[in-house]
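Enquirer: 3D, please:
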Amino acid sequence: MAPRALAEWFGQIQTDDWRKEVGFTPSLQAAMEKALAPQVSDETVTAVLSEWLSQFQPCLFGRIAAKQGLINYCLLREEDLLASDEIVSGKIQRARLEWIRRGWSGEASAFLIAVLSRTLANAMPSASVQEIARRLCGLYLLHEIQMDRVYLDEIFLEQPGKQQTCWKWVAGVNYFSAQADKRWWQDHRIPVGMAFSVNSVGHLVKSGRLTQALYHLEQAMGSTPPDFQNPKIESLDKALEMAMRTIDLASDAPSGKATNLLPRPEKSYGDLPCPVKLPVFLEGKDYCRYHGLYHTDVTLPEAYFRSDVDRPAGLPEHMLDFTYLFDQSLDNPDHLLMGRGLQIREEADAEDGTGDSPLYRFAKRGRGAGSEIAISNASLLTEALSIR
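Expert: Numbering: from 1, shown residues only. Below is the predicted model:
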């Protein structure tokens, strides 16, 4: 049976009476008025979202990407959703390929699909909103989406030179909405109706190092670019500190902070020392695990589509990990897939690993290790490069 169209679900949205009473926080309201203004241009919306994300996004990696212009945007409007799913799918896939193409050259690490809809922003979280989000995510990832699962995309980076060295990372997909504002999951708020944010910390780090290396080369050759921005994160070790800071920056929501750092256990991780000297306020914190009232990797948590302001009783709590950033042991393939990057060979006879499937649907610690693949086996990358 074919899934119901976005327009059908859109017609069942109900206005949130609670939102009418409490409104939005001033910073989100101000940004939303600009982003959702009639006849607003894509350029203006992109600028508004970049400015808001660079100031109010709890994720420091997202802030850095927004400040340095490393986010590729796909903007959808209500009329797109009401017209046809084919129009929506076409816009998303064109933007997705553009993100992959820009990622290949180090120009973008993050991808944001944003639905510019005041109706959705003011809607009560419900089954109808959930189905819109699920359908949109399916039109993006090109297969049916289940709730409370981890879904991933892929991004690539090429190192200029004769060897044509390049890497692949998996990138997490997460849901955001204006409906989160003033609710227990408010760290996932954004000044549009709903959005999907996709990012790769590993790609951000390595592309930053590449940008810096090319800058020094151009300096040596006497052709320094005028628009160089110094990378804020030069290593995965530094990324660990930023990840810990991000968890610590969780907002004070109605049910308290949704993510929390843990005290460092008395019995230290003897075979897994902290790879970086942490600032004083993080010295006594666990650098391997943190606590979450929601799972930070899950794409579409079912609990986000309930009208509850406070966190519903009975939801599971989660012990989550930082080790994908620095633990190089064989039983931690996420360090390769999400941190260091999986190197890809140019030769046509390169081993075919996970390239046939662009998505890894496994829980973070449960994914199998990848292997090298030929560029020709990375279908999305091949298609993205063909539009240059």
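Enquirer: CA only for contacts and neighbour counts going forward, please
Expert: OK.
Enquirer: now do the buried residues in stretch 36-52.
Expert: For stretch 36-52, a neighbour-count test (16 or more other CA atoms under 10 Å) marks 36, 45-46, 48-52 as buried.
Enquirer: can I get those residues in JSON lines with pLDDT and distance to residue 310?
Expert: Formatted as JSON lines, those follow (pLDDT from 0 to 100; distance: CA to CA, whole Å):
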{"residue": "36", "pLDDT": "97", "distance to residue 310": "27"}
{"residue": "45", "pLDDT": "98", "distance to residue 310": "31"}
{"residue": "46", "pLDDT": "97", "distance to residue 310": "32"}
{"residue": "48", "pLDDT": "98", "distance to residue 310": "29"}
{"residue": "49", "pLDDT": "97", "distance to residue 310": "27"}
{"residue": "50", "pLDDT": "96", "distance to residue 310": "29"}
{"residue": "51", "pLDDT": "96", "distance to residue 310": "29"}
{"residue": "52", "pLDDT": "96", "distance to residue 310": "25"}
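Enquirer: I'd assumed residue 320 was in contact with residue 291.
Expert: Yes - applying CA atoms under 8 Å as the test, residue 291 and residue 320 come out as touching, 6.0 Å apart.
Enquirer: how about residue 111, secondary structure?
Expert: strand (DSSP: H, G, I helix; E, B strand; the rest coil).
Enquirer: from residue 121, how far off is it?
Expert: 20 Å (CA to CA, to the nearest Å).
Enquirer: what's the helix or strand encompassing residue 28 in contact with?
Expert: According to DSSP states H and E, residue 28 maps onto helix 26-35. Here helix 26-35 makes contact (CA atoms under 8 Å, 6 or more residues apart in numbering) with 40, 44-45, 48-49, 52, 116, 190-192.
Enquirer: what's the closest of those residues to residue 138?
Expert: Taking CA to CA as the measure, residue 138 lies nearest residue 116 of the contacts of helix 26-35, at 18.4 Å.
Enquirer: report pLDDT for the closest one.
Expert: pLDDT, residue 116: 98.
Enquirer: how about the one 4 residues further on?
Expert: According to the prediction, residue 120 has pLDDT 98.
Enquirer: mind listing what it touches?
Expert: Contacts of residue 120 (CA under 8 Å, 6+ apart): 13, 129, 179, 193-194.
Enquirer: right, and the helix or strand after the helix holding residue 28?
Expert: Following helix 26-35 in sequence, per DSSP H and E, is helix 42-56.
Enquirer: picking that back up, in helices, which of the contacts of residue 120 fall?
Expert: When DSSP state H is applied, those are split such that residue 129 fall in helices.
Enquirer: output the contacts of residue 120 as a markdown table; include the columns pLDDT and neighbour count.
Expert: Formatted as a markdown table, the contacts of residue 120 follow (pLDDT from 0 to 100; neighbours: other CA atoms under 10 Å):
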| residue | pLDDT | neighbour count |
| --- | --- | --- |
| 13 | 96 | 19 |
| 129 | 98 | 23 |
| 179 | 98 | 28 |
| 193 | 97 | 24 |
| 194 | 98 | 27 |
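Enquirer: want to throw the contacts of residue 120 into CSV with distance to residue 66?
Expert: Rendered in CSV, the data for the contacts of residue 120 read as follows (distance: CA to CA, whole Å):
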residue, distance to residue 66
13, 31
129, 27
179, 22
193, 19
194, 18
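Enquirer: lowest confidence element among the helices and strands of the protein?
Expert: strand 342-344 (a mean of 41; mean pLDDT, DSSP states H and E).
Enquirer: I'd like the next helix or strand past it.
Expert: helix 379-385.
Enquirer: just checking, what packs against that next one?
Expert: Of the remaining helices and strands, those touching helix 379-385 by 3 or more CA pairs under 8 Å, 6 or more residues apart in numbering; DSSP states H and E are helix 85-104.
Enquirer: helix or strand for the spatially most central residue of the chain, which one?
Expert: Nearest to the mean C-alpha position of the chain, by CA atoms, centre = their mean, lies residue 198 at 2.8 Å. Secondary structure from DSSP H and E places residue 198 in strand 194-199.
Enquirer: show me where the stretch 151-300 of the chain has strands.
Expert: Taking DSSP state E, counting those that start in this stretch, the strands of the stretch 151-300 of the chain run over residues 152-158, 166-177, 194-199, 259-263, 285-292.
Enquirer: out of those, flag the one nearest residue 85.
Expert: Closest of these to residue 85 is strand 194-199, at 16.3 Å (criterion: CA to CA).
Enquirer: what pairs with that closest one, and is each one parallel or antiparallel?
Expert: Paired strands of strand 194-199, with direction, are strand 110-116 (antiparallel), strand 166-177 (antiparallel) (DSSP bridges).
Enquirer: next, the angle helix 85-104 makes with the last one.
Expert: Okay, so that is strand 166-177. Between strand 166-177 and helix 85-104, the angle comes out at 130 degrees (axes from the mean of the first three to the mean of the last three CA atoms, to 10 degrees).
Enquirer: residue 118 and residue 193 touch, don't they?
Expert: Yes - using CA under 8 Å, residue 118 is in contact with residue 193, at 6.1 Å.
Enquirer: take the strands paired with strand 194-199 and lay them out in CSV including distance to residue 32.
Expert: Formatted as CSV, the strands paired with strand 194-199 follow (distance: least, CA to CA, whole Å):
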stretch, distance to residue 32
strand 110-116, 9
strand 166-177, 11
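Enquirer: could those go into a markdown table alongside distance to residue 154 and mean neighbour count?
Expert: Output for the strands paired with strand 194-199, formatted as a markdown table (distance: least, CA to CA, whole Å; neighbours: other CA atoms under 10 Å):
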| stretch | distance to residue 154 | mean neighbour count |
| --- | --- | --- |
| strand 110-116 | 11 | 25 |
| strand 166-177 | 4 | 24 |
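Enquirer: thanks a lot, catch you later.
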